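> turn this into a structure:
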Amino acid sequence: MPTILGGGVAGLSAAYYLTSRLAKKIELFEKSTRLGGWVRSESHPEKSLVFEFGPHTIRSKGLGASTTMELVEQLGLETDIYPIGCSSEASKNRMIYVKNNLCTLPSSLIDMFKTTPPFSKPLVSGFLQDLRAPSVKHSLDDESIYNFCKRRFGGEIADYIISSMICGICAGDAKEISVRFIMNDLFEKEQRHGGVLKGLIKDYFSKEIKKMSNMERFALMSKDAKLVESARKNNWSIYSFKNGMETLINSLNSNIKSKGVTVNTNSECKQITFTTNGAVININGKEIETDHIIGAIPSFKLAELVKLQHPFLNNQLKDIQYVDVAVVNLKFCSKDLLKNDAFGLLIPPSENIPILGVIFDSCVFNMSGTVLTVMMGGKWFEKYLGKNPSQSEILDIALEQTAKILHINEKPDMFRVNILRNCIPQYTVGHKKRIEEVRNYIEKNNLAVSLCGAAYDGVGINDVILSAKTQAYSLLKL
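Numbering: from 1, shown residues only. Predicted structure coming up:
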């Protein structure tokens, strides 16, 4: 009997993929009182309002996108989707706040040849720098994404675009985050060919067949669902669900229960002991035998469960750092408080401002009034918010910053404040190698456990679902 630890996106998805091919009984255990992990929505249909406390959207392109769309279609959620096209203002316009100014990032090829604030020269000059930069081949195992981009494309791109982007992706510091994990393809092109553009050009004309990873192989196994074709035809950029991202969680839960999965909430795993035939897990003091575990819980929690029997695994998993994020949802009655139609704004750490960024929900999802999500903390949570800030303190900072940056001085007629503790893993330099060592140790010691989720294979919804599919199908030996 396979056992799944964790009822977030990864755990629910793993259960879904196991039930599609496995007739055995499956049990899922979740420590908290609810499912979904950090995916959580509060929907107010009568007010055309959704507050998202976690992820807001899903990418429609890239590795894993087809897997997620196939899953969404199989769950029958096509009519629940809220698509955002590439031509929409919310998709095209991404902003950063630098030197007390809101700056719209270039969004077209023509824009790349223009000099726009905060940049001192056109962004195309970054590509020219890559061509002029010293040739680098096979000299680095890993480095920070900040250093990589500064070397290849210049300081302004690293300071303003990359640093802001990392704040949005994982609420982290680009000077610490691994380029091999976030931009491995570009890093490998430089290492193989001496430069990024040289690598892009050579790989484009090369007939060399690239060896696929398991995640890439299982991504290609996804059928070309009608939803994928619709997204291509209508040129989607991102999408969500009309009643919020938790729609996906609720549908997955209903689906796996209908297929016989036993879903247990309020069920905390206290310890894992591996045996020659599988493992014994301690759930709320009760020992349960299982032939295999899919670990879909945060890596630091799994570390504690295995530390007595496997201290090496404990240490490796503990090395994966996490950060806290405060999320403040604001709704103002007035419709036209925002001067720019955009997805939102991000703030590079060099600005020393106590928020990471703001999502313009009412622009993205066409909600009534003005709706914003203010993201705070991350790597700098304690620096700006303190160890244990109150909700009122966090709200005051959010309102102060929206007044300063967006010139919104009204009081919100609705708000929510949530502190998400240890919610996003940090892919620090060496992360890819660390994960490889963890999985190699598991294989070498023949441990009956598979790992899936954001800590191991990527932070986005697509990454997490594909991670779950990869581990489930690998267990099924597909």
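
> only C-alpha atoms from now on, for both contacts and neighbour counts.
OK.

> got the contact list for Lys47?
Shown in contact with Lys47 (C-alpha atoms under 8 Å, 6 or more residues apart in numbering): Ser368.

> try it again at 7 Å.
Shown in contact with Lys47 (C-alpha atoms under 7 Å, 6 or more residues apart in numbering): no residues.

> ok, now how distant is it from Pro83?
Applying C-alpha to C-alpha, to the nearest Å, the value for Lys47 to Pro83 is 20 Å.

> as a quick check, tell me the outermost residue of this structure.
Distance from the C-alpha centroid of the chain peaks at Thr276, with 35.5 Å (C-alpha atoms, centre = their mean).

> quick one: stretch 5-25 to chain centroid distance?
In terms of C-alpha atoms, centre = their mean, to the nearest Å, the centre of stretch 5-25 is set 20 Å apart from its chain centre.

> could you do stretch 16-29 as well?
25 Å.

> tell me which residues in that stretch are buried?
Going by neighbour count (16 or more other C-alpha atoms under 10 Å), the buried part of stretch 16-29 is 16-19, 26-29.

> so Ser237, which of the three states?
Here Ser237 is recorded as strand under DSSP: H, G, I helix; E, B strand; the rest coil.

> check what pLDDT it gets.
In this model, Ser237 is scored at 96, pLDDT.

> and Val323, bridged to which residues?
Beta-bridge pairing for Val323 (DSSP bridges): Ile424.

> thought it was touching Gly378?
Yes: taking contacts as C-alpha atoms under 7 Å, Val323 lies within contact range of Gly378: 5.1 Å.

> so how far is Phe119 from the closest residue to Lys387 other than its chain neighbours?
Closest residue to Lys387 apart from its sequence neighbours, by C-alpha to C-alpha, 6 or more residues apart in numbering: Phe381 at 7.7 Å. Noted for Phe381: a distance of 28 Å to Phe119, by C-alpha to C-alpha.

> and if you look at Gln74?
From Gln74 to Phe119 the distance is 45 Å (C-alpha to C-alpha).

> and if you look at Lys259?
For Lys259, the distance to Phe119 equals 55 Å [C-alpha to C-alpha].

> for Leu337, grab phi and psi.
phi -80, psi -20 (degrees, to the nearest 10).

> how about the contacts made by it?
Contacts for Leu337 (C-alpha under 7 Å, 6+ apart) come out as 370, 408.

> go on, Leu385?
Applying C-alpha under 7 Å, 6+ apart, the residues contacting Leu385 are Gly377.

> just the strands in the stretch 251-400 of the chain please.
In the stretch 251-400 of the chain, the strands defined using DSSP state E, counting those that start in this stretch lie at 262-264, 269-275, 278-283, 286-290, 292-295, 321-332, 344-346, 357-359, 370-378.

> list the contacts of the second one.
So that's strand 269-275. By C-alpha under 7 Å, 6+ apart, strand 269-275 touches 279-284, 305-306, 309, 447.

> ok, how many other residues are close to the residue nearest to Lys387?
Using other C-alpha atoms under 10 Å, Phe381 has 21 other residues around it.

> likewise Arg439?
With other C-alpha under 10 Å as criterion, Arg439 counts 18.

> how about the helix or strand containing it: buried residues?
Here Arg439 sits within helix 431-444, counting by DSSP states H and E. For helix 431-444, a neighbour-count test (16+ other C-alpha under 10 Å) marks 431-432, 434-435, 438-439, 442 as buried.

> what's the next secondary structure element after that helix?
Sequence-wise, the next helix or strand downstream of helix 431-444 (DSSP H and E) is strand 449-451.

> what packs against that following strand?
Judged by 3 or more C-alpha pairs under 7 Å, 6 or more residues apart in numbering; DSSP states H and E, the packing partners of strand 449-451 are strand 292-295.

> roughly how far does Ser144 sit from Phe181?
Distance check for Ser144 against Phe181: by C-alpha to C-alpha, it reads 10 Å.

> Gly154 contacts Gly126, doesn't it?
Yes: between Gly154 and Gly126 there is a contact under C-alpha under 7 Å: 5.9 Å.

> contacts only, for the closest residue in space to Ala133 that isn't next to it in sequence.
Closest residue to Ala133 apart from its sequence neighbours, by C-alpha to C-alpha, 6+ apart: Arg152 at 6.5 Å. Applying C-alpha under 7 Å, 6+ apart to Arg152 gives the contacts 129-130, 133.

> return the residues in contact with the nearest residue in space to Gly244 that is not next to it in sequence.
Spatially, and ignoring its direct neighbours in sequence, Gly244 is nearest to Ser41 (5.4 Å; C-alpha to C-alpha, 6+ apart). By C-alpha under 7 Å, 6+ apart, the residues touching Ser41 are 50-53, 244-246.

> could these go into TSV alongside secondary structure, neighbour count and pLDDT?
Converted to TSV, those look like this (DSSP: H, G, I helix; E, B strand; the rest coil; neighbours: other C-alpha atoms under 10 Å; pLDDT from 0 to 100):
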residue	secondary structure	neighbour count	pLDDT
Val50	strand	24	97
Phe51	strand	24	98
Glu52	strand	24	98
Phe53	coil	24	98
Gly244	coil	26	97
Met245	coil	27	98
Glu246	helix	25	98
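
> out of the residues you listed, who's nearest Phe415?
Phe51 (8.9 Å; C-alpha to C-alpha).

> got a list of what the closest one touches?
41-43, 329.

> at 8 Å instead, please
41-43, 244, 329.

> and the average pLDDT for the helix holding Arg439 is what?
pLDDT averaged over helix 431-444 gives 97.

> that helix packs against which elements?
When contacts are defined as 3 or more C-alpha pairs under 8 Å, 6 or more residues apart in numbering; DSSP states H and E, helix 431-444 sits against helix 179-182, helix 311-318.
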